[in-house]
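Asks: here is a sequence together with a model predicted from it:
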Amino acid sequence: MNLGKLLDTNHILLDMKATEHWPAILELVDFLTECGDIPKNCYNDILKALQEREAQISTGIGTGLAIPHTFSDDLEKVVAIFGRSKEGIEFNALDHSPVHFIILFIVPRKDYQLHLRTLSAIAKMFTNMEVRRRLSAAVTRDEILEILDPKAIRSKADKEPC
């Protein structure tokens, strides 16, 4: 699974506003809803599912990364978003460090194996300190997408998301 295949430049937030765990998740889900990637009638169910997942154990897995994720019966394809916080977000991470990168994704319930492959690919990519350094230094969404997937097709201009 290649993370860059789940994202495009319109699903990359360079500077998240939230500074805490749940508001960060809300910021990302609200963005996906405003863009039309999450149907408004599914919004509450998806938030509830994410909240239940976070109640089990924080998806802040350490090294500045959080991977909030859940399933939905109402989606036909994976929906994903990448958010970056230069200041860091208090996310109750397993290593007690602030989170600087959040990859939130929602998988159709029927695609359970894709869910596992996606989690594995993200965790593997972010164990590389050079990847994290480059993501921190990136100025544009195109640069971030290039880091996440060097083979991805770039937009002609780094347009505003949605």
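Replies: Cool, the structure landed.
Asks: can I assume Ile89 sits in a strand?
Replies: Yes - Ile89: assigned to a strand according to DSSP: H, G, I helix; E, B strand; the rest coil.
Asks: just confirm it contacts Ala24, I think it does.
Replies: Yes - at 4.9 Å, Ile89 and Ala24 qualify as touching, with contact defined as Cβ atoms under 8 Å. (Glycine included, C-beta is placed from N, CA and C.)
Asks: find residues that contact each of these two.
Replies: 16, 18, 66, 99, 102 (Cβ atoms under 8 Å, 6 or more residues apart in numbering).
Asks: looking at the residues you listed, which is nearest Ala138?
Replies: Of all the shared contacts of Ile89 and Ala24, Ala138 sits closest to Met16, with 14.2 Å by Cβ to Cβ.
Asks: isn't the closest one right up against Phe82?
Replies: No - taking Cβ under 8 Å as the definition, Met16 is not a contact partner of Phe82, at 10.1 Å.
Asks: export stretch 108-122 as PDB, just CAs?
Replies: The C-alpha atoms that make up stretch 108-122 are tabulated as PDB, following Å, rounded to 0.1, in the frame of the first residue of the first chain:
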ATOM      1  CA  PRO A 108     -15.200   1.000   3.800                       C
ATOM      2  CA  ARG A 109     -16.000  -1.800   6.200                       C
ATOM      3  CA  LYS A 110     -15.800  -4.400   3.300                       C
ATOM      4  CA  ASP A 111     -12.100  -3.400   2.800                       C
ATOM      5  CA  TYR A 112     -10.700  -4.700   6.100                       C
ATOM      6  CA  GLN A 113      -7.400  -6.000   4.500                       C
ATOM      7  CA  LEU A 114      -6.800  -2.500   2.900                       C
ATOM      8  CA  HIS A 115      -7.100  -1.100   6.400                       C
ATOM      9  CA  LEU A 116      -4.300  -3.300   7.700                       C
ATOM     10  CA  ARG A 117      -2.100  -2.700   4.800                       C
ATOM     11  CA  THR A 118      -2.600   1.100   5.100                       C
ATOM     12  CA  LEU A 119      -1.700   1.100   8.800                       C
ATOM     13  CA  SER A 120       1.400  -0.900   8.200                       C
ATOM     14  CA  ALA A 121       2.600   1.300   5.300                       C
ATOM     15  CA  ILE A 122       2.100   4.400   7.300                       C
END
